[in-house]
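**Student:** what's the 3D shape of this:
(one chain, ligands or ions: 1)
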Amino acid sequence: MSWSVVGRKMRCLRLPYQLWRVTPVRSVSVGIMVVVFLLCLATLALRQKGTDVFSEVVDPRLADFDGSSFRKALLETGPDRPKAGQANDASVKKEPSVNKTSKLPGCIIVGARKCGTRALIEFLALHPDVAAARKEIHFFSNDTNYAKGLKWYRSLMPRSKPGQLTMEKTPRYFVSPAAPTRIHRMNSSVRIVIALRHPVTRLVSDYTQLCYNNVARGLAPPGNFTQLVLDERTGAVNSDYTPVLVSTYDLHVARWLAVFPRRQIHFVDGDRLITQPLQESRRLEAFLGLPPRFTEDSFYFNASRGFYCMKRIVTVKGSGERFAHTEKCLGAGKGRKHQPIEQSVLKKLNDYFQHHNEILFKMIGQRFDWR
Ligand SMILES: Nc1ncnc2c1ncn2[C@@H]1O[C@H](COP(=O)(O)OS(=O)(=O)O)[C@@H](OP(=O)(O)O)[C@H]1O
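**Tutor:** Numbers count the residues shown, from 1 in each chain. Predicted coordinates:
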């Protein structure tokens, strides 16, 4: 039966049918329906985008930053660990793959560049209650990445077991004006870790890396260090030179403190991390409320590298010995020999940073031995 027959035969539909036959009414009705349909589509799309960027569900335990529930939950739901005197078998026990999901990070190492951020995340990854993203993600500092939303970001996080704390490191966040607010918007309770090193050592390390990178890419060297860091005309420190700007820590830390409370930010001494990795790792472990797992056995000094390397602790099956060790040093790109710098230039740089260092120390209530 066609619509015209239905319209003619059923009395109650007669009036709407007569109206429908009038062409302008029909056009307007169809128009309204199309507009309503498009509006519904647009609303759906916006809601989807909103979910990505703002309302991602984060680990609810992280809402309680200061309280003990986070620590408690970690202890309760953390992975099984071997009891003393257990296990001794050559075969290494495989981690059970059940219940593993990617979570948003509860802690982010935001920088600073060349201050030991790689060492830090690799050290933390030794901890059984940490799931660390090994790649730098550049989510909060890069507009194109940020526009991809939190779902995209989370998909790049490692899969973790219940009770594990997810971490990532991107040193670029430290100097990114947008990063603090964006991270806060993701999770206002997230823990921020900032590694800092003597500002002049960091600057020279940065310059050394630029020299290596340019050679690797077949580019010309970045230029003479002295000419880059000092103004040719006045001889004063060139505060606009990016590596100088990165080492002007107070400017960047002020932006983080404007968004996050001081108690939520942990400062790592990047110079001490090189010579005393155990102490710095333990301080960070305590800040994160993780059960103490770092021991003298976690690190060993590798004389040929001139740096501490890690002993990865893995559980072994059976009884007897608790652990087996696998050893790992950072890549050759870390711990390069620095370019020699003239004493007079070093002095000028030290004098320049001293004022900024003092502002930083006051701001964070912590001093570093940067003479
Ligand atoms: N255990 C260990 N092994 C090797 N290197 C170590 C270690 N601990 C800290 N460091 C120092 O880390 C410096 C590199 O810092 P980052 O990892 O933050 O660099 S980067 O910004 O990610 O490129 C790197 O700086 P340079 O020495 O200037 O290369 C190292 O001194």
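**Student:** pLDDT below threshold where in this structure?
**Tutor:** When residues are selected by pLDDT under 70, those of the chain lie in 1-17, 19-31, 35, 40, 42-98, 313-325.
**Student:** which bits of it sit near the ligand?
**Tutor:** Residues of the chain lying close to the ligand (CB under 6 Å from any ligand atom) are 113-119, 171, 205, 273-274, 307-308, 330, 334-336. From N, CA and C alone the C-beta is placed, and that goes for glycine too.
**Student:** what residue in the stretch 151-300 of the chain comes nearest to the ligand?
**Tutor:** residue 205 (3.1 Å; CB to the nearest ligand atom).
**Student:** which secondary structure element contains that residue?
**Tutor:** Per DSSP states H and E: residue 205 is located in helix 199-216.
**Student:** list the contacts of that helix.
**Tutor:** 112-115, 196-197, 219-222, 225, 228-229, 243-244, 246-249, 270-271, 333, 336-339, 341, 346, 349-350, 353, 356-357, 370 (CB atoms under 8 Å, 6 or more residues apart in numbering).
**Student:** state the next helix or strand along the chain beyond it.
**Tutor:** For helix 199-216, the following helix or strand on the C-terminal side (DSSP H and E) is helix 225-229.
**Student:** in the stretch 201-350 of the chain, which spans are helices?
**Tutor:** 225-229, 242-247, 249-257, 270-275, 277-287, 343-364 (DSSP state H, counting those that start in this stretch).
**Student:** buried set for the fourth one?
**Tutor:** Right, helix 270-275. Buried residues in helix 270-275, counted by 16 or more other CB atoms under 10 Å: 270-274.
**Student:** from the residues you listed, which is closest to residue 164?
**Tutor:** residue 273 (22.8 Å; CB to CB).
**Student:** what's the burial count for residue 192?
**Tutor:** Neighbours of residue 192 under the rule other CB atoms under 10 Å: 23.
**Student:** one more: residue 312?
**Tutor:** 14.
**Student:** please name the nearest non-neighbouring residue to it.
**Tutor:** Nearest non-adjacent residue to residue 312, counting by CB to CB, 6 or more residues apart in numbering: residue 326, 4.5 Å away.
**Student:** ok, that neighbour to residue 126 distance?
**Tutor:** For residue 326, the distance to residue 126 (CB to CB, to the nearest Å) stands at 11 Å.
**Student:** the more surrounded of those two?
**Tutor:** Just comparing residue 326 and residue 126: by other CB under 10 Å the higher neighbour count belongs to residue 126, 18 against 10.
**Student:** surely that one is in contact with residue 298?
**Tutor:** Yes - between residue 126 and residue 298 there is a contact at 5.9 Å, judged by CB atoms under 8 Å.
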